[in-house]
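Asks: quick one, what's the 3D model for this:
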Amino acid sequence: MHFHLKGTDLQSNARAGEIVTDNGVIETPIFMPVGTQGTVKGVHQHELKEDILAQIILGNTYHLYLRPGLEVLEKAGGLHRFINWDRPILTDSGGYQVYSLSGTRKIIEEGVRFQSHLDGSYHFFTPEKAIDIQRSIGADIIMAFDECTPYPCDYDYAKKSMHMTHRWLKRCIAQMNRTESKYGHEQVLFPIVQGSTYDDLRKESAETIASQDCFGNAIGGLSVGEPNEEMYAMTDLVCHILPKDKPRYLMGVGTPANILECISLGIDMFDCVMPSRNARHGMLFTSEGIINIKNKKWEKDFSPLDPNGTSYVDKTYTKAYLRHLLRAKENLAIQIATIHNLSFYLWLVKEARKHILEGDFTSWKKQMIPKLENRL
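Replies: Now for the predicted structure:
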């Protein structure tokens, strides 16, 4: 697996690169649709490939471990074959989901004990087990097991949690070294920078993560309720420390405007449930702004979902029709809205890449941000 920088923006820290994996090339900056349980909700795999143009998707370790379970996934030959997806997959470690189960989990040095949201059964994740599970799922990119602290977070707790995440990382690396890649393709590890919104902790964590010399690096514990200004400040600080010759992944971010701002700070990879989750509630992201398609103003609007859209749904369906489908609670509404939003996100990062390579990213970003934040 290799990462190559293809160009940088002279007025910011934005970069264009490519990650070469055994399952395909990922052109960065990239947005990764979230396929929590082996599916990006409401979308067929052929639509992910041919219309949304997804180059990589995410799988969720916690959910896939519970259902369908490792026995099924291993018998299928890994998640790629199970879901018929021949491009790269990244899996989270399960740390964020376990963090979100705050009422039913207990964190100790050895790992995390938690209850299944499905049947209440008890399970125990250690750093070693998180690596083994992701090996069995078959991810191309495996995330280290960490604790994601909430916002706001007490300084002492954030510091204690960060140091435990660093100790867990050493165990993750040792387990990666003890085990082999599965299903005939290379699997690599991304550590995760933590430290809440404290400058000194983020600096210490970024330096620790950088020193491990893994294939790529991630930034976690952001987009958990903090103001955008704090997210940008922490991202900027960390990007100045993490190595330039390795991909940088900002976890769980975010709005289209968030993504452009963080690309300008030096981030290469993004994921977020926002485009698919919001689509199910009638929120569309477009090149001219944000649309709540349920609003009556769209009832007799027979224009395309996005006049500048590249997706087939933008060329095929009108705002009035999608509004009707949502109000009628037709399943097709969710499918159309999800394909539109994900296509828009992938279009946005592709345009960002193009402007980085052409040398005018910063001026293009300044023009785009007000449009992206506009409520239509």
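
Asks: state the pLDDT value of Thr104.
Replies: In this model, Thr104 is scored at 76, pLDDT.

Asks: correct me if wrong, but Phe270 is in a helix.
Replies: No: in this structure, Phe270 is strand, not part of a helix, as judged by DSSP: H, G, I helix; E, B strand; the rest coil.

Asks: and it, what are its bridge partners?
Replies: Phe31, Leu250 (DSSP bridges).

Asks: ok, now how distant is it from Lys170?
Replies: From Phe270 over to Lys170 the distance is 27 Å, taken as CB to CB, to the nearest Å. Using the backbone N, CA and C atoms, a C-beta is placed for each residue, glycine as well.

Asks: could you point out which element follows the top helix by length along the chain?
Replies: The longest helix of the chain (DSSP state H) is helix 331-358. Next along the chain after helix 331-358, taking DSSP states H and E as the criterion, comes helix 361-373.

Asks: next SSE downstream of the lowest-mean-pLDDT helix or strand in the chain?
Replies: Lowest on mean pLDDT, DSSP states H and E among the helices and strands of the chain sits helix 95-100, with a mean of 70. Following helix 95-100 in sequence order, the next helix or strand is strand 105-107 (DSSP H and E).

Asks: now do the helices in the stretch 51-200 of the chain.
Replies: In the stretch 51-200 of the chain, the segments counted as helices under DSSP state H, counting those that start in this stretch are 61-66, 70-76, 79-83, 95-100, 127-137, 155-178, 199-211.

Asks: make a markdown table out of the ones you listed and add mean neighbour count and distance to Asn23.
Replies: Formatted as a markdown table, the helices of the stretch 51-200 of the chain follow (neighbours: other CB atoms under 10 Å; distance: least, CB to CB, whole Å):
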| stretch | mean neighbour count | distance to Asn23 |
| --- | --- | --- |
| helix 61-66 | 23 | 17 |
| helix 70-76 | 14 | 16 |
| helix 79-83 | 19 | 7 |
| helix 95-100 | 21 | 24 |
| helix 127-137 | 23 | 13 |
| helix 155-178 | 18 | 18 |
| helix 199-211 | 19 | 25 |
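
Asks: if you skip the residues just before and after it, what's nearest to Gly138?
Replies: Gly78 (2.8 Å; CB to CB, 6 or more residues apart in numbering).

Asks: wait, that neighbour touches Ile137, no?
Replies: Yes: using CB atoms under 8 Å, Gly78 is in contact with Ile137, at 6.7 Å.
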